[in-house]
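In: quick one, structure for this:
(one chain, ligands or ions: 2)
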Amino acid sequence: MAQEIFFVILNKMDFVICHYHEIGLKGKNRRFFEKKLVENIKRSLGSASFEFVKRISGRIIVKLTKKGKENEKEIKENIKKVFGIAYSALAVSCPQKIKNIQEKALELLRDKKFKTFKIATKRSKKEFSLTSPQINERVGAYVLKKLKTQKPRLRQGLGSQAKIKVDLENPDVTCFIEIVENYAFLYLEKIRGQGGLPISASGKAVSLLSGGIDSPVASFLAMKRGVKVIFLHFHAYPFASKASIEKAIKIVRILSDYQGKSKLYLIPFADIQKEILMKTQAKLRVILYRRFMLKIAEEIAKREKALGIFTGESIGQVASQTLENIKVIEETIELPVFRPLISQDKEEIIQKAKEIGTFDVSILPHQDCCSRFLPKHPETKSRVEDILKTEKKLNIEKLVKEAVKNSSVQIV
Ligand code: ATP
Ligand code: MG
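Out: Ligands and ions are numbered 1, 2, ... in the order given. The predicted structure follows:
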């Protein structure tokens, strides 16, 4: 028993190793992206869990504190959500000597259940006396010999070890070794990352967040390309319930795990709706709503120095999202409108929403600010001339100004 506890303690992972692909290709800007990635990793793990985070030999290493080591599961969950990482690993470190590396590999593998294994070494430090294939051979041979001859007690419940073999093609477990600068790292599991670019590496944008399934996914995809997202939610409170606001907050909370604390603008839309309801034809309403949303979003974007507007639109999903209507809707502003979901089917969007964790909140019931008083047959092929003529009846400037003024900001 004492011996088993001893091994568990020895095997505590003391580093996180983060590998990236795309950032590696950034040429002169590489340092900038790496710096952003380091900042994002620090933010995501929290300062109590690491001693240092630094860039070495085309990867980023994190030395965990005692607290960090104790929260392996949480560290894993957090690091999975950092954009810019292709894959990461919780690793043990040891002195850069073949004897120590052999011992560490044995420690890692001895309480695992497997029949075949391999050692896969990456050596960035060319001065290390052995090449990667030589390290693989030496460590592999040592582990094999020890596992076959060690007392059964150490591999309690793991079955016979006499049949353990090396399999380079399709092993049950791989022990990865990285030799970098003055470190040797070992790990058994690669954690798949999100890919993409680190948050803020691409600047800021605003994202229109309804209570639906699509816009959280569109916001996520914006973040994935390194955009820090500021969320805008339009609500009809007090004419509608607060449910959509509560949903928006919940969704932003989930998305904040990927980008850190987020700004959420809650923008009153009831006055604008009333005006549209009173003065315009039913079939143009949704288009008018969307144009108002974009105008307000543009004002807020200016204030926030944000460089674009993201929405969850997808061609043909609803009447307001035909190519004709999309053109008319975005004609009203100058800032670019980005629609990451433009060609995605609803099924694909749902799948992604489940993956990122927003789906369950998105399907909770709420009263959308724009879904009331809509006609059965909204216009699918609107014309700018007609819309502009209709808008003459509305006091657009004043309504936009008031909506911006009366919006509230939450940090979520
Ligand atoms: P979602 O598209 O998010 O599932 P939805 O289907 O209810 O919500 P649509 O009618 O498809 O909304 O609206 C198209 C896009 O307009 C949304 O993806 C979102 O970006 C934006 N939008 C719609 N309603 C709102 C709102 N109340 N607040 C903020 N943005 C909104
Ligand atoms: Mg939609």
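In: residues in contact with the closest residue to ligand 1 within the chain?
Out: The minimum distance from the chain to ligand 1, using CB to the nearest ligand atom, falls at residue 212 (2.2 Å). From N, CA and C alone the C-beta is placed, and that goes for glycine too. Residues in contact with residue 212 (CB atoms under 8 Å, 6 or more residues apart in numbering) are 312, 362, 368.
In: compare those and tell me which is most surrounded.
Out: Highest neighbour count within the contacts of residue 212: residue 312, with 25 neighbours (other CB atoms under 10 Å).
In: my read: residue 170 touches residue 115, true?
Out: No - under the criterion of CB atoms under 8 Å, residue 170 makes no contact with residue 115, lying 11.1 Å away.
In: so between these two, which is more surrounded?
Out: With neighbours defined as other CB under 10 Å, residue 170 and residue 115 compare such that residue 115 has more, 14 against 7.
In: how about the more buried one, what does it touch?
Out: By CB under 8 Å, 6+ apart, the residues touching residue 115 are 163-165, 172.
In: and residue 182, by the same measure?
Out: 96, 125.
In: and it, how close does it get to residue 96?
Out: Relative to residue 96, residue 182 is positioned 6 Å away (CB to CB, to the nearest Å).
In: do the host helix or strand of residue 230 and ligand 1 meet?
Out: Mapping residue 230 onto the secondary structure by DSSP states H and E places it in strand 228-235. Yes - against ligand 1, strand 228-235 shows contacts by CB under 6 Å from any ligand atom at 232-234.
In: which residues does that strand contact?
Out: By CB under 8 Å, 6+ apart, strand 228-235 touches 199-200, 203-211, 219, 222-223, 242, 244-245, 248, 252, 255, 259, 262-269, 293, 296-297, 300, 304, 306, 310, 369-370, 412.
In: name only those of those that count as buried.
Out: Neighbour counting by 16 or more other CB atoms under 10 Å classes 199-200, 204-211, 219, 222-223, 244-245, 248, 252, 255, 259, 262-269, 293, 296-297, 300, 304, 306, 310, 369-370, 412 among the contacts of strand 228-235 as buried.
In: which of these fall in helices?
Out: 219, 222-223, 244-245, 248, 252, 255, 259, 293, 296-297, 300, 304 (DSSP state H).
In: if I look at the residue of the chain closest to ligand 1, what pLDDT would I see?
Out: As predicted, residue 212 sits at a pLDDT of 95.
In: and residue 23, by the same measure?
Out: We have a pLDDT of 74 for residue 23.
In: what residues does stretch 317-329 touch?
Out: Outside stretch 317-329, the residues within contact range by CB under 8 Å, 6+ apart are 214, 286-287, 290-291, 294, 313-316, 339, 346, 378-384, 387.
In: ok, and of the residues you listed, which contact ligand 1?
Out: 214, 313.
In: show me how to select, in PyMOL, the buried members of the contacts of stretch 317-329.
Out: Entered in PyMOL, the line below selects the buried ones among the contacts of stretch 317-329, by 16+ other CB under 10 Å:
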select buried, resi 214+286+287+290+291+294+313+314+339+378+379+382+387
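In: and the contacts of residue 115 as JSON lines, adding distance to ligand 1?
Out: As requested, those are exported to JSON lines (distance: CB to the nearest ligand atom, whole Å):
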{"residue": "163", "distance to ligand 1": "54"}
{"residue": "164", "distance to ligand 1": "52"}
{"residue": "165", "distance to ligand 1": "52"}
{"residue": "172", "distance to ligand 1": "43"}
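In: among the residues you listed, which are located in strands?
Out: Judged by DSSP state E, those include residue 165 as members of strands.
In: now the buried members of the contacts of residue 115.
Out: residue 164.
In: dump the contacts of residue 115 to JSON lines, plus pLDDT and distance to residue 90.
Out: Output for the contacts of residue 115, formatted as JSON lines (pLDDT from 0 to 100; distance: CB to CB, whole Å):
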{"residue": "163", "pLDDT": "83", "distance to residue 90": "29"}
{"residue": "164", "pLDDT": "91", "distance to residue 90": "24"}
{"residue": "165", "pLDDT": "93", "distance to residue 90": "26"}
{"residue": "172", "pLDDT": "96", "distance to residue 90": "19"}
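In: pLDDT on the one helix or strand residue 73 maps to, on average?
Out: In this assignment (DSSP H and E), residue 73 forms part of helix 72-80. In this model, helix 72-80 has a mean pLDDT of 97.
In: outside of it, which residues touch it?
Out: 12-13, 16, 18, 41, 44-46, 49, 64, 68, 85, 88, 90, 191-194, 257.
In: ligand 1 contacts on the protein?
Out: Selection of the chain residues close to ligand 1 by CB under 6 Å from any ligand atom yields 208-210, 212-215, 232-234, 293, 311-313, 317-318, 368-370.
In: 5 Å - rerun?
Out: Counting by CB under 5 Å from any ligand atom, the chain comes close to ligand 1 at 208, 210, 212-215, 233-234, 311-313, 369.
In: from these, which is closest to residue 276?
Out: When the residues of the chain next to ligand 1 are compared for distance to residue 276 (CB to CB), residue 369 wins out at 11.5 Å.
In: contacting residues around the residue nearest to the closest one when sequence neighbours are not counted?
Out: The shortest distance from residue 369 to any non-neighbouring residue, by CB to CB, 6 or more residues apart in numbering, is to residue 236 (4.0 Å). With contacts defined as CB under 8 Å, 6+ apart, the neighbours of residue 236 are 244, 268-270, 273, 367, 369, 372.
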